[in-house]
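Novice: I'll drop the sequence and a predicted model, then ask my questions.
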Amino acid sequence: MTQPQDNLTPFQSVTWCFDRAADQLKLSNDLRELMRRPWRELRVEVPVRLDNGTLKVFTGYRIQHNGARGPYKGGIRFDPSADEDEVRALASLMTWKTALADIPYGGAKGGVQCDPTQLSEGEMNRLTRRYTQNIAHLLGPQRDIPAPDLGTNQREMAWMMDAYGQMYGHTPSIVTGKPIELGGSYGREAAPGHGAVMVMKTWAALNRYALPGKSVVVQGFGQVGSRIARLMAEEGCIVVAVSDVRGGVYNPKGLDMADLLRHNATAGTVRGFRGADAVTNAEILTLPCDILAPAAVGEVLNSSNADRVKAALILEGANHPTTPGADAVFNQRGATVLPDILVNAGGVVVSYFEWAQNIQQFRWSEDRVNQELRVVMERATQEVVRRAQAAQVTLREAAFQIGVERVGRAIELRGFV
Ligand code: NAD
């Protein structure tokens, strides 16, 4: 196996992790061929009439990486970085993530290269609808089920469901992460952050690691990051810094979570929070702390900053926040990296519960959702920790091994090879 390089694209980086797991598992060449590349890729041009009357054409994608274990599943990202390669990388991560969580889905991802902060609500609505219409022929409750990701939330999911329903009839199970009033699940919005903290607690219990008093830094204060910050504070951790796209705030004595959430709700940003110093998104990653939770965009931990990262534990809330080069640096210095496909799987797990509820036309209580989520997250974490110990590999390698093994088995059982 060659040493990890940092001149890889996001998809090449994830494929590097896949190849490593495939080598460790001594996977046959036939299986590798069937698992390495996306099974289907669609690129669409999405014309949107802007509020000022001009027409702007955005480029969007829906990439279905692997459908061996069930319908394709994965979020929709609205972000300037969402190009073909990034969406492909995220689609492949979904394949290994759904398999690791052992839920009956394949992996997919969608994206539109746009900057949601520059679009009005009306423009976002038109963009979401046109994108949905353009990819609708690939979707279906038994074919491919989108969900929210960076830059999208309940609002966009409601619009997607509506646009799909105009073409094919009312179909709540076509997307997950919907508002409760439209068939969403209790606990879905909180799920990725909630699941991340369940993973953290399970790992801590297995390793006799006391969470109270540990200092935590969180990059990204959206659906995932804000929940991780809040729940880690509830576990007795001291959240010393958080950031969003506009910058971060730092107080080594700790940030008051209730005040910070109030400030963020009114100001629309964590910036300007009183009683804390301003920090940049680059600085926040190298602040002194015990636990660093990147929960925004990808590849923020890379060869240019890995040796300056001080945290002994990295909780990957975001997808693919660590490049293979940075991963190698962390492993060499004995830092623990709890990997994305395990840590943020809570989102897709509760998406699965939402889909199941929609199909049954029966709503679960929030307690039931969280209880079932806990069972899945604890089991997956225990499996990863056990595999890492048994195979003498890192937690990321263990997580990939389990995911790749399960997808390979499904392919064999279906008789493809
Ligand atoms: P979000 O849009 O709700 O929040 C993103 C946060 O990151 C915001 O605070 C935003 O200001 C900040 N941000 C955006 N660009 C940034 C940049 N360049 N530098 C620093 N901060 C930046 O998105 P989210 O749903 O919380 O997703 C965050 C991450 O978690 C993504 O990597 C996503 O793929 C992953 N994830 C999300 C879900 C989900 O269900 N929402 C599930 C699993 C994984």
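Specialist: Received, thanks. Residues are numbered from 1 along each chain as shown.
Novice: centre-most residue in this protein?
Specialist: Within the chain, one residue has its C-alpha closest to the average C-alpha position: by Cα atoms, centre = their mean, that is residue 319, at 4.4 Å.
Novice: that one contacts residue 298, doesn't it?
Specialist: Yes. With contact defined as Cβ atoms under 8 Å, residue 319 counts as touching residue 298 (6.1 Å). From N, CA and C alone the C-beta is placed, and that goes for glycine too.
Novice: for the residue nearest to the centre of the chain, which non-adjacent residue is spatially closest?
Specialist: residue 340 (5.2 Å; Cβ to Cβ, 6 or more residues apart in numbering).
Novice: and for the one you found, the neighbour number?
Specialist: 25 (other Cβ atoms under 10 Å).
Novice: got it, and residue 120?
Specialist: When counting by other Cβ under 10 Å, one arrives at 11 neighbours for residue 120.
Novice: just residue 415 next, same as before
Specialist: 6.
Novice: quick revisit: backbone torsions only: list them for the residue nearest to residue 319.
Specialist: Dihedral pair for residue 340: phi -50, psi -50, per degrees, to the nearest 10.
Novice: mind listing what it touches?
Specialist: 93, 97, 316-321 (Cβ atoms under 8 Å, 6 or more residues apart in numbering).
Novice: of those, which pair is most distant in space?
Specialist: 97 and 321 (14.2 Å; Cβ to Cβ).
Novice: and the gap between residue 351 and the ligand?
Specialist: Separation of residue 351 from the ligand (Cβ to the nearest ligand atom, to the nearest Å) stands at 7 Å.
Novice: quick one: secondary structure of that residue?
Specialist: helix (DSSP: H, G, I helix; E, B strand; the rest coil).
Novice: same question, residue 70
Specialist: Classified using three-state DSSP, residue 70 is coil.
Novice: tell me how many other residues surround it.
Specialist: Using other Cβ under 10 Å: residue 70 sits among 17 other residues.
Novice: and if you look at residue 183?
Specialist: 21.
Novice: distance of it from residue 387?
Specialist: For residue 183, the distance to residue 387 equals 36 Å [Cβ to Cβ, to the nearest Å].
Novice: residue 155 now?
Specialist: 39 Å.
Novice: ok, those two, which is more surrounded?
Specialist: A count of neighbours by other Cβ under 10 Å puts residue 387 above the other of residue 155 and residue 387, at 18 against 15.
Novice: phi, psi of the residue of the chain found nearest the ligand?
Specialist: Sorted by distance to the ligand under Cβ to the nearest ligand atom, the residues of the chain start with residue 222, at 1.7 Å. Phi and psi for residue 222, reported as degrees, to the nearest 10, are phi -100, psi -140.
Novice: which helices and strands sit right next to the top strand by length along the chain?
Specialist: As assigned by DSSP state E, the longest strand anywhere in the chain is strand 55-66. Of the remaining helices and strands, those touching strand 55-66 by 3 or more Cβ pairs under 8 Å, 6 or more residues apart in numbering; DSSP states H and E are strand 40-49, helix 84-101, strand 107-112, helix 121-135, strand 144-148.
Novice: ok, back up a step: which ones among the contacts of residue 340 come in contact with the ligand?
Specialist: 317-319 (Cβ under 6 Å from any ligand atom).
Novice: which one of these is nearest residue 326?
Specialist: residue 318 (13.2 Å).
Novice: show me the contacts for the closest one.
Specialist: 219-220, 224, 294-298, 300, 340, 344.
Novice: how does this structure divide into domains?
Specialist: The chain breaks down by automatic domain parsing into domains covering 37-182, 191-343.
Novice: quick one: mean pLDDT over the longest one.
Specialist: The average pLDDT for domain 191-343 rounds to 97.
Novice: and for stretch 22-41?
Specialist: 96.
Novice: just the CA coordinates for that stretch, please, in CSV.
Specialist: The C-alpha coordinates for stretch 22-41 follow below in CSV (Å, rounded to 0.1, in the frame of the first residue of the first chain):
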residue,chain,number,x,y,z
ALA,A,22,-10.2,-4.0,0.2
ASP,A,23,-6.5,-4.9,0.6
GLN,A,24,-6.9,-5.7,4.3
LEU,A,25,-9.9,-7.9,3.5
LYS,A,26,-8.1,-9.5,0.5
LEU,A,27,-11.2,-8.7,-1.6
SER,A,28,-11.3,-10.3,-5.1
ASN,A,29,-10.7,-8.1,-8.1
ASP,A,30,-14.3,-8.8,-9.3
LEU,A,31,-15.7,-7.3,-6.2
ARG,A,32,-13.4,-4.4,-6.2
GLU,A,33,-14.5,-3.6,-9.8
LEU,A,34,-18.1,-3.6,-8.7
MET,A,35,-17.6,-1.5,-5.6
ARG,A,36,-15.1,1.1,-6.6
ARG,A,37,-17.0,3.3,-9.1
PRO,A,38,-20.5,4.8,-8.9
TRP,A,39,-23.1,2.7,-10.6
ARG,A,40,-24.9,5.8,-12.1
GLU,A,41,-24.2,9.5,-12.5
